[in-house]
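Novice: no sequence on hand, only this structure:
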């Protein structure tokens, strides 16, 4: 998808970019129409006493089979692979069986890039993958 097509298609939407490692292998769902990804991304920060703390955030993503290049990349992904996504956030609310209100967010990705975990560190991978993600 070119930047021009991207601009027309997503002109008035929220765009998000996420990177991290796959928690499990990519799963094909919806009668083969979607690739489902679960990504873990670590954030390091300084604690009250200056110690380095790590917070792990988890993100769910779906890639439509209609987006052939992104879908083909997604279905080849395996647990531990480093992945970079660009897409649109979608949030939904629902009630649990226990009666609690929950909110879940899913990224509908239209660009997916892969860098094998063993090939490089995450920061080096970002530098290499990011230029092609524009």
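Specialist: Received it, and whenever you're ready, just let me know what you need. Keep in mind that what you see is a predicted model, and the values were worked out from it rather than measured. Numbers count the residues shown, from 1 in each chain.

Novice: so the residue lying farthest from the centre of the chain is in which element?
Specialist: What lies farthest from the middle of the chain is residue 49; by Cα atoms, centre = their mean that is 32.4 Å. Residue 49 belongs to no helix or strand when assigned by DSSP states H and E.

Novice: next: residue 91.
Specialist: strand 82-95.

Novice: the helix or strand just after that strand pairs with which strands, and in what direction?
Specialist: Going down the chain from strand 82-95, the next helix or strand is strand 101-115, by DSSP H and E. For strand 101-115, the paired strands and their directions (DSSP bridges) read strand 52-64 (parallel), strand 82-95 (antiparallel).

Novice: give the buried residues for the strand holding residue 91.
Specialist: 82-87 (16 or more other Cβ atoms under 10 Å). All C-beta atoms are positioned from the backbone trio N, CA, C, and that covers glycine.

Novice: with stretch 29-41 instead?
Specialist: Counting neighbours by 16+ other Cβ under 10 Å, one finds that the buried residues in stretch 29-41 are 34-39.

Novice: can you redo those residues as a markdown table with secondary structure?
Specialist: Shown next, in a markdown table, are the buried residues of stretch 29-41 (DSSP: H, G, I helix; E, B strand; the rest coil):
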| residue | secondary structure |
| --- | --- |
| 34 | strand |
| 35 | strand |
| 36 | strand |
| 37 | strand |
| 38 | strand |
| 39 | strand |
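
Novice: thank you, goodbye.
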